[in-house]
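Q: Just to be clear, the model below is a prediction. Sequence and coordinates:
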Amino acid sequence: MTTRLRSLPLVGVLVLLAACGGDDHSATPTRTATPPPATPTATPNPLAQACRDSGGAVGSAACCLGTADFASSCGGIGACGCAPSASHQVARCECPGGTCWSGSACVAPATATPTATPAPDPLAQACRDSGGTVSSALCCLGSSDFPATCDIGACGCAPSASHQVARCDCPNGTCWNGSDCVADLAP
């Protein structure tokens, strides 16, 4: 067999040796393990660390669209009471019993940091300037002050999935488009 192998090209010899179980392993190329790709180091989230440092555990929940990670859970239903079709997954802090996440730490509800009073809103003035009256109403948890009222939209959620927002009540036959009271074209 040795004389026949010398007349074959090297690739043929290697294939023949492998097929016949030849014991000349020096001719068989060796395989080396490819190292796994480097895993990028994730930047630690300071709010996740603050959650753990104050006794909480980082979890996730389906919260209203527009809700950011680690939203406050102190005071009322919060931002996680929307219908599944109006929700997305966010990171949140699950605080130990009797405490809630203030947005920066697990605290007793009575000591939760109150929300700062907003500066006067130019939309409130625009509402009054166009003949409307500023009031408050229950609107969907993901909505902010002065939502448009020409369509059902932001204020069409169930009370359990709503919160109080400032809104513009326009005169009869008009509706708030987000910046002015305009003719209501709804039938």
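A: Cool, the structure landed. Please read all numbers here as calculations on a predicted model, not as lab measurements.
Q: Count residues in the vicinity of the nearest residue to residue 91 once chain neighbours are set aside, would you?
A: Leaving aside its sequence neighbours, residue 91 sits nearest to residue 69 (CB to CB, 6 or more residues apart in numbering; 4.1 Å). All C-beta spots, glycine's among them, are computed from the backbone N, C-alpha and C. By other CB atoms under 10 Å, 15 other residues sit near residue 69.
Q: Distance-wise, check residue 69 relative to residue 159.
A: In this view, residue 69 and residue 159 are 26 Å apart by CB to CB, to the nearest Å.
Q: Excluding chain neighbours, what is closest to residue 147?
A: Residue 147 sits nearest to residue 154 (CB to CB, 6+ apart), 3.5 Å away.
Q: With residue 157 instead?
A: Distance criterion CB to CB, 6+ apart; nearest residue to residue 157, sequence neighbours excluded, is residue 140 at 3.9 Å.
Q: quick one, what contacts that neighbour?
A: The neighbourhood of residue 140, defined by CB atoms under 8 Å, 6 or more residues apart in numbering, consists of 64, 82, 86, 154, 155, 156, 157, 161, 162.
Q: Make sure the fifth one is actually in contact with residue 143.
A: Yes. Residue 155 is within contact range of residue 143, at 7.1 Å (criterion: CB atoms under 8 Å).
Q: So which of these two has more stuff around it?
A: Taking neighbours as other CB under 10 Å, residue 155 and residue 143 compare with residue 143 leading, 23 against 17.
Q: picking up where we left off before, pretty sure the residue nearest to residue 91 is in a strand, no?
A: No. With DSSP: H, G, I helix; E, B strand; the rest coil as the criterion, residue 69 is assigned coil and is not in a strand.
Q: how far away is it from residue 45?
A: Going from residue 69 to residue 45 by CB to CB gives 8 Å.
Q: Mind listing residues that contact stretch 86-97?
A: 45, 47-48, 50-51, 54-65, 67-71, 73, 80, 101, 106, 140, 142, 157, 161.
Q: So which of those residues are in helices?
A: 47, 48, 50, 51 (DSSP state H).
Q: Scan the residues you listed and report the most crowded one.
A: Neighbour-wise, the ones in helices among the contacts of stretch 86-97 (other CB under 10 Å) top out at residue 51, 24 neighbours.
Q: State the number of residues packed around the nearest residue to that residue once chain neighbours are set aside.
A: In this structure, residue 51 finds its nearest non-sequential neighbour in residue 93, 3.6 Å apart by CB to CB, 6+ apart. Applying other CB under 10 Å, we find 28 residues neighbouring residue 93.
Q: Using neighbour counts, pick out the buried residues of whatever helix or strand residue 93 lives in.
A: Per DSSP states H and E, residue 93 falls inside strand 87-94. Across strand 87-94, burial judged by 16 or more other CB atoms under 10 Å covers 87, 90, 91, 92, 93.
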